[in-house]
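Engineer: quick check, what structure comes out for this input:
(one chain, ligands or ions: 1)
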Amino acid sequence: MSDLFPLQVSDAQVRRRGKVLVGPVDLTLQAGGVTIVIGPNGSGKTSLLKMLHGILRLNRGVVKWACTTDEAQKRQAFVFQTPVMLRRTVLENLVYPLRLLKVPKTEAHQRAGDWAGRVGLGDALRRQATVLSGGERQKLAMARALIRDPDVLFLDEPCASLDGRAMREIETILQNAAASGTRIIMSTHDMGQARRLADEVLFILHGKVHEFGPAAGFFDTAETPQARAFLNGDIVE
Ligand SMILES: Nc1ncnc2c1ncn2[C@@H]1O[C@H](COP(=O)(O)OP(=O)(O)OP(=O)(O)O)[C@@H](O)[C@H]1O
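Structural biologist: Just a heads-up that it's a prediction; the model follows:
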């Protein structure tokens, strides 16, 4: 299998109705690790993730994977802030993406059971997904994304409004995925979570990459006054 990385973003911008949602962005992401995207409300975190994932049409520039775009798209998954579930059981929600990939039924059921167990939903296989709690839904969304064994997983604020226990469980799932080689690119509002998970931090402001580099350096000695102010909890405009 060919490499997906480096991911090279050159002069990429998305505009809607005359407003720049994100960009222009120049960025190179290398293989491996966890990139955490942070920035004030409305700074463009969601738009950046969607742009990298290829679900927002570019108005200019390019987002270029090391392999073909088609291949790259098949090898990535996206977990949204508010996941949409099939109005079916947990098991069926997990089997569905595999059936789309033409995985035989018996194997799909086996993998679904295995992944439900890994995310702590082993006892919930027969429950309707629509009655799950927020934390359970998010764990199901992660399992549904990871069951396809993606090389890259994008997540947009996956822990927003979850309690501490659900957050810890989700972070463990993410750390396990990263340890087994899935490249993680994720936004969060939670600086504690950013510190716990990040190998590198991308700080976005007004739709542009304001600072990008290794997590340790960023948290200890952010270069720009805006990033330092953001880390201090000040309002950054
Ligand atoms: N489809 C759209 N049309 C017009 N404006 C949009 C659209 N989607 C997002 N925006 C605006 O673009 C800007 C960036 O939004 P985005 O959701 O990417 O930011 P964010 O950093 O993820 O925000 P938050 O932290 O509040 O989730 C915001 O000002 C938002 O209101």
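Engineer: three-state assignment of Leu162?
Structural biologist: Assigned by DSSP: H, G, I helix; E, B strand; the rest coil, the conformation of Leu162 is coil.
Engineer: so what's it closest to, chain neighbours aside?
Structural biologist: In this structure, Leu162 finds its nearest non-sequential neighbour in Gly135, 5.0 Å apart by CB to CB, 6 or more residues apart in numbering. C-beta: built from backbone N, CA, C; applies to glycine.
Engineer: in the helix or strand where that neighbour lies, what counts as buried?
Structural biologist: Assigned by DSSP states H and E, Gly135 belongs to helix 134-146. For helix 134-146, the neighbour count (16 or more other CB atoms under 10 Å) marks Gly135, Glu136, Arg137, Gln138, Lys139, Leu140, Ala141, Met142, Ala143, Arg144, Ala145, Leu146 as buried.
Engineer: what's it packed up against?
Structural biologist: strand 76-79, helix 90-100, helix 105-118, strand 152-156, helix 164-179 (3 or more CB pairs under 8 Å, 6 or more residues apart in numbering; DSSP states H and E).
Engineer: now that helix: average pLDDT?
Structural biologist: The average of the pLDDT scores along helix 134-146 is 93.
Engineer: one step back: among the helices and strands packed on helix 134-146, which is the most enclosed?
Structural biologist: Neighbour counts (mean count of other CB atoms under 10 Å) averaged over each of the helices and strands packed on helix 134-146 peak at strand 152-156, with a mean of 23.
Engineer: so it, near the ligand or not?
Structural biologist: No - using CB under 6 Å from any ligand atom, strand 152-156 stays clear of the ligand, coming no nearer than 7.1 Å.
Engineer: just give me the neighbour total for the spatially closest residue to Arg126 that is not a sequence neighbour.
Structural biologist: Among residues not flanking Arg126 along the chain, Thr89 sits closest, at 5.5 Å (CB to CB, 6+ apart). A count of nearby residues for Thr89, using other CB atoms under 10 Å, gives 17.
Engineer: next: Val20.
Structural biologist: Neighbourhood size, Val20 [other CB under 10 Å]: 16.
Engineer: gap between the nearest residue to it once chain neighbours are set aside and Ile36?
Structural biologist: The shortest distance from Val20 to any non-neighbouring residue, by CB to CB, 6+ apart, is to Gly207 (5.3 Å). Distance, Gly207 to Ile36, by CB to CB, to the nearest Å: 18 Å.
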